[in-house]
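# have a look at this prediction, sequence included:
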Amino acid sequence: MRVVNQCNIAPGEDVVVRDSLMNSRVVIAGLVAPVFAGATTVFPDEKTTGGIGVGSGVVPESRQIDLKSIW
(Lines give C-alpha, C1' and ligand atoms only; values in the text may rest on other atoms or scores of the structure.)
Protein backbone atom coordinates (compact mmCIF):
# COMPACT_ATOMS: atom_id res chain seq x y z
CA MET A 1 0.00 0.00 0.00
CA ARG A 2 1.39 3.38 -1.02
CA VAL A 3 0.79 5.14 2.33
CA VAL A 4 2.62 2.39 4.23
CA ASN A 5 5.62 2.68 1.92
CA GLN A 6 5.68 6.50 1.74
CA CYS A 7 5.47 6.90 5.52
CA ASN A 8 7.61 3.89 6.45
CA ILE A 9 4.98 2.51 8.83
CA ALA A 10 6.60 -0.46 10.55
CA PRO A 11 4.98 -3.48 12.21
CA GLY A 12 4.29 -2.79 15.88
CA GLU A 13 4.58 0.98 15.50
CA ASP A 14 1.97 3.23 17.15
CA VAL A 15 0.06 5.42 14.68
CA VAL A 16 -1.81 8.11 16.63
CA VAL A 17 -5.06 9.46 15.13
CA ARG A 18 -5.36 13.16 15.97
CA ASP A 19 -8.10 14.22 13.57
CA SER A 20 -11.71 13.32 12.78
CA LEU A 21 -12.57 10.00 11.19
CA MET A 22 -15.09 11.97 9.12
CA ASN A 23 -12.05 12.78 6.93
CA SER A 24 -11.48 9.87 4.54
CA ARG A 25 -7.74 10.63 4.43
CA VAL A 26 -7.54 10.16 8.20
CA VAL A 27 -9.30 6.79 7.83
CA ILE A 28 -6.78 5.68 5.18
CA ALA A 29 -3.69 6.95 7.04
CA GLY A 30 -4.81 6.22 10.60
CA LEU A 31 -6.77 2.99 10.26
CA VAL A 32 -6.27 1.18 6.96
CA ALA A 33 -2.53 1.76 6.47
CA PRO A 34 -1.57 0.64 10.01
CA VAL A 35 -3.61 -2.57 9.57
CA PHE A 36 -1.75 -3.36 6.33
CA ALA A 37 1.60 -2.61 8.00
CA GLY A 38 0.90 -4.60 11.17
CA ALA A 39 1.08 -1.38 13.20
CA THR A 40 -1.23 -0.24 16.01
CA THR A 41 -3.83 2.52 15.73
CA VAL A 42 -4.03 4.68 18.85
CA PHE A 43 -6.85 7.05 19.82
CA PRO A 44 -5.04 9.30 22.31
CA ASP A 45 -5.87 11.32 25.36
CA GLU A 46 -4.01 14.58 26.06
CA LYS A 47 -0.80 12.83 27.20
CA THR A 48 -0.53 9.98 24.68
CA THR A 49 2.12 10.04 21.96
CA GLY A 50 3.36 7.46 19.50
CA GLY A 51 5.67 7.00 16.56
CA ILE A 52 3.58 8.64 13.84
CA GLY A 53 0.86 11.28 14.13
CA VAL A 54 -2.11 11.52 11.77
CA GLY A 55 -3.74 14.94 11.65
CA SER A 56 -4.01 18.17 9.74
CA GLY A 57 -2.44 20.30 12.47
CA VAL A 58 0.78 20.10 14.45
CA VAL A 59 1.23 16.75 16.22
CA PRO A 60 3.60 15.88 19.10
CA GLU A 61 4.92 12.77 17.35
CA SER A 62 8.35 12.91 15.71
CA ARG A 63 6.83 11.88 12.36
CA GLN A 64 3.56 12.93 10.76
CA ILE A 65 1.62 11.61 7.80
CA ASP A 66 0.91 14.45 5.38
CA LEU A 67 -2.81 14.05 4.72
CA LYS A 68 -2.54 16.05 1.48
CA SER A 69 -0.30 13.33 0.04
CA ILE A 70 -2.94 10.62 0.42
CA TRP A 71 -4.69 11.37 -2.92
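Right, received. Where do you want to start?

# lowest-confidence helix or strand of this structure?
Here the helix or strand of the chain ranked lowest by mean pLDDT, DSSP states H and E is helix 2-7, holding a mean of 86.

# and it, what does it pack against?
Under the contact criterion of 3 or more C-beta pairs under 8 Å, 6 or more residues apart in numbering; DSSP states H and E, helix 2-7 touches helix 33-37, strand 63-65. (Glycine included, C-beta is placed from N, CA and C.)

# if we look at the shortest one, which residues are touching it?
For strand 63-65, the surrounding residues in contact (C-beta atoms under 8 Å, 6 or more residues apart in numbering) are 3, 7, 15, 29-30, 33, 51-55.

# can you do 10 Å?
3, 6-9, 13, 15-16, 18, 25-26, 28-30, 33, 50-59 (C-beta atoms under 10 Å, 6 or more residues apart in numbering).

# now it: mean pLDDT?
For strand 63-65, mean pLDDT rounds to 95.

# sounds good, over and out.
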